[in-house]
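Engineer: Sequence plus the predicted model coming up.
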Amino acid sequence: MWPAAAVTGLVASLAAGQALADDAICTQKAYSMGLRYQQQSAEAEALQRQGFALATYRLKEQIEEHGEDADLAIITDLDETVLDNSPLLARDMAECHDYTTWDTWKHWEREGDPRLIPGAKAFLDYADEKGVTIFYISDRYQENEADTIATLEALDLPQVSEDSVMLLGPPKAERRAKVADEHTLVMQLGDSLHDFDGKFADADLAGQHALVKENAERFGQDWIVLPNAAYGDWSDAELTTWGAPLETE
């Protein structure tokens with residue numbers, strides 16, 4: 001018979017080993033910090049509300065500049081800009097499934113129930129009340145167009161139709177250009193830089209930083225960026241570390 005202390009030590013060792021194995025298997029747990037920030041932090045909500053407050057202010061300026069009878073339009077992305085899809089991402093992470101493969105996304109589009117990003121509806125209602133045309137340009141799947149439209153209608157968003165909801169097919173740049181050809185486009189909103197200009201989609205991370213500098217005057221003016229710490233082109237980037245040896249006190 002083994003001594004109790006030995007049994008306790010063995011159990012602890014086995015538990016630690018299992019924990020290490022689980023960590024090795026479920027690398028998706030690395031997403032947890034960013035996902036917690038995106039879904040649960042008051043800071044993320046504050047940034048979202050701040051973004052839409054700024055968008056309202058800038059849109060008011062544009063209406064005053066062009067006049068209320070002008071054919072003004074705005075473009076907004078959907079996912080993580082107007083719609084919060086974090087419950088899907090959290091479910092996948094909990095199941096140790098890599099949500100960035102997007103192979104669970106179609107099911108979510110058909111049957112998921114995203115909530116609105118704070119501040120989104122008030123801003124879009126303001127645009128609607130002022131006679132500004134709203135376009136929802138998203139890379140959601142065209143085959144699920146009816147489901148996406150039903151989701152937006154259930155959330156009581158304005159100007160939702162087959163014409164205004166422009167989904168995956170032509171690149172976003174082409175869909176944006178179509179809007180700009182037919183209206184006076186005064187604002188774009190998104191959580192990813194290629195929601196604003198096709199050059200960002202074609203650039204690596206260093207190139208994206210360079211393009212941000214080149215277009216610095218547009219951010220906070222006609223380009224309004226919403227925070228998204230759950231996924232993006234940056235997710236595989238190497239971190240810059242401090243070279244000093246680790247010391248604790």
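Structural biologist: Nice, I can see it.

Engineer: doesn't residue 235 make contact with residue 100?
Structural biologist: Yes: between residue 100 and residue 235 there is a contact under C-beta atoms under 8 Å: 6.8 Å. Yep, even glycine has a C-beta here, placed from its N, CA and C like the rest.

Engineer: Tell me which of the two has more neighbours.
Structural biologist: Comparing residue 100 with residue 235 by other C-beta atoms under 10 Å, the one with more neighbours is residue 100, at 15 against 12.

Engineer: sec struct for the more buried one, please.
Structural biologist: Following DSSP: H, G, I helix; E, B strand; the rest coil, the label given to residue 100 is helix.

Engineer: Go through the protein and flag its longest strand.
Structural biologist: strand 184-190 (DSSP state E).

Engineer: buried stuff in it?
Structural biologist: Under the neighbour-count criterion of 16 or more other C-beta atoms under 10 Å, strand 184-190 has 185, 186, 187, 188, 189, 190 buried.

Engineer: Show me what it is packed up against.
Structural biologist: helix 42-66, strand 72-76, helix 172-182, strand 223-225 (3 or more C-beta pairs under 8 Å, 6 or more residues apart in numbering; DSSP states H and E).

Engineer: These into TSV, with extra columns for mean pLDDT, distance to residue 161 and mean neighbour count?
Structural biologist: Output for these, formatted as TSV (pLDDT from 0 to 100; distance: least, C-beta to C-beta, whole Å; neighbours: other C-beta atoms under 10 Å):
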stretch	mean pLDDT	distance to residue 161	mean neighbour count
helix 42-66	98	21	16
strand 72-76	98	14	23
helix 172-182	97	14	16
strand 223-225	98	23	21
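
Engineer: Check the offset of the strand or helix carrying residue 148 from the chain's centre.
Structural biologist: In the assignment (DSSP states H and E), residue 148 maps to helix 145-154. Its chain's C-alpha centre and that of helix 145-154 lie 18 Å apart, by C-alpha atoms, centre = their mean, to the nearest Å.

Engineer: Measure how far the helix or strand following that helix is from the centre of its chain, please.
Structural biologist: Using DSSP H and E, the helix or strand that follows helix 145-154 towards the C-terminus is strand 165-166. Centre-to-centre, strand 165-166 and its host chain are 17 Å apart (C-alpha atoms, centre = their mean).

Engineer: and the closest residue to residue 34 other than its chain neighbours, what are its phi and psi?
Structural biologist: In space, residue 34 comes closest to residue 229 once its chain neighbours are excluded; the distance is 3.9 Å by C-beta to C-beta, 6 or more residues apart in numbering. Residue 229 has phi and psi values of phi -100, psi 10 when expressed as degrees, to the nearest 10.

Engineer: Relative to residue 181, how far out is residue 174?
Structural biologist: Taking C-beta to C-beta, to the nearest Å as the measure, residue 174 falls 10 Å from residue 181.
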